[in-house]
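In: sequence? don't have it. structure:
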């Protein structure tokens, strides 16, 4: 029996098109169970096109951009675990044919409580499984710790539901004027991976505003030393820079090894924060309350696993922060252990599926 592993990107004419490396981190979580077996890579958006010998396949992660391509081929034997069905496509995915398919392969292990509720509303057996990336510590956990702090996509603005008011724009201007030199130093690191050289110009103005929002929001709870010395990482990369799956999986592998040895991590990326729990790396997850339902529907059940910072990025306001006082370079953080029950069941479920 061979196995299938999900890939994601499709050819595009847009040279600036980007992909989310978090998808590939999810596939690395599934790959742990079949790496010593024969496996094929299949694109998430074209599972219906596969024809050949039967493949067993763990279907975890975010589904999907092209709901018309569902259900998968009959030559795929699926395990639904850590499955997220996004609000943006639920209506299209709730056809009689698709619901029959899900029911035939139930129970559905759901990554979040919102997805579980969707299936239960259609009388399909489902349970909350959490995310398979919680198991990545089994492969990537490191006994060594570097002195590096990673700040990973602290703001993801394309999920935001509001635009700044004129009053807020003016506040950004004054922050820019009075904190120019500090912002410039942070900006050289923070913007470099998004917009090339320079601080704020026509090409990277939106990244400058993102920097201002980040600084205004967190300057009273994250020390200047941390902001200046941290290593900034994004989970979005240009397809032209990583044109094939081999390079993307290598990038995902490299990021996990960095997170595994970090002093601590601050992020708004679920697939940075969840792996960090399994890796034993202290992590603060930033929950931006401005995000719309397409983003927030991914989060149900996951928030209780994290040290959670609840913020409004649009208003540059913090509602709660998990560290008392100002977070410094040598601050000691500790993750919750609540994830362990989910991690154990995920490992057992996927192991049984692979070896049955």
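Out: Perfect, thanks for sending it. Computed from a predicted structure; not experimentally measured.
In: strands of the stretch 251-356 of the chain, start to end?
Out: 264-267, 283-288, 307-312, 317-320 (DSSP state E, counting those that start in this stretch).
In: ok, now the chain?
Out: Taking DSSP state E to define them, one finds strands in the chain at 2-7, 18-20, 39-43, 55-63, 76-85, 108-110, 126-128, 149-152, 231-233, 236-238, 264-267, 283-288, 307-312, 317-320.
In: report the buried residues of the second one.
Out: Looking back up the chat, that one is strand 18-20. Neighbour counts over strand 18-20 (16 or more other CB atoms under 10 Å) mark 18, 19, 20 as buried. The C-beta positions use only the backbone N, C-alpha and C, and glycine is treated the same way.
In: the last one touches residue 238, doesn't it?
Out: No: Residue 20 is beyond contact range of residue 238, at 11.9 Å (criterion: CB atoms under 8 Å).
In: tell me how far residue 329 lies from residue 323.
Out: The gap separating residue 329 from residue 323 is 13 Å, by CB to CB, to the nearest Å.
In: of the two, give the one with the bigger neighbour count.
Out: residue 323 (17 against 14; other CB atoms under 10 Å).
In: ok, that one - contacts?
Out: Shown in contact with residue 323 (CB atoms under 8 Å, 6 or more residues apart in numbering): 221, 284, 307, 331, 333.
In: neighbours of the nearest residue to residue 212 once chain neighbours are set aside, how many?
Out: Using CB to CB, 6 or more residues apart in numbering and skipping the chain neighbours, the partner closest in space to residue 212 is residue 172 (4.6 Å). Using other CB under 10 Å, residue 172 has 18 other residues around it.
In: JSON lines please, covering the buried residues of strand 18-20 and showing distance to residue 138.
Out: Listed next are these as JSON lines, based on distance: CB to CB, whole Å:
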{"residue": "18", "distance to residue 138": "30"}
{"residue": "19", "distance to residue 138": "26"}
{"residue": "20", "distance to residue 138": "23"}
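In: measure the residue lying closest to residue 31 once chain neighbours are set aside to residue 244 for me?
Out: Distances taken as CB to CB, 6+ apart put residue 5 closest to residue 31, at 5.6 Å, once the chain neighbours are dropped. Look at residue 5 and residue 244: by CB to CB, they are 14 Å apart.
In: just the helices in this structure please.
Out: Listed in chain order, the helices of the chain (DSSP state H) span residues 21-31, 90-93, 96-104, 113-121, 137-140, 166-178, 180-190, 192-195, 205-218, 224-229, 245-260, 270-279, 293-296, 339-355.
In: which one of the ones you listed lies closest to residue 72?
Out: helix 96-104 (8.0 Å; CB to CB).
In: got the angle for that closest one vs strand 76-85?
Out: With axes from the mean of the first three to the mean of the last three CA atoms, to 10 degrees defining the directions, helix 96-104 sits at 100 degrees from strand 76-85.
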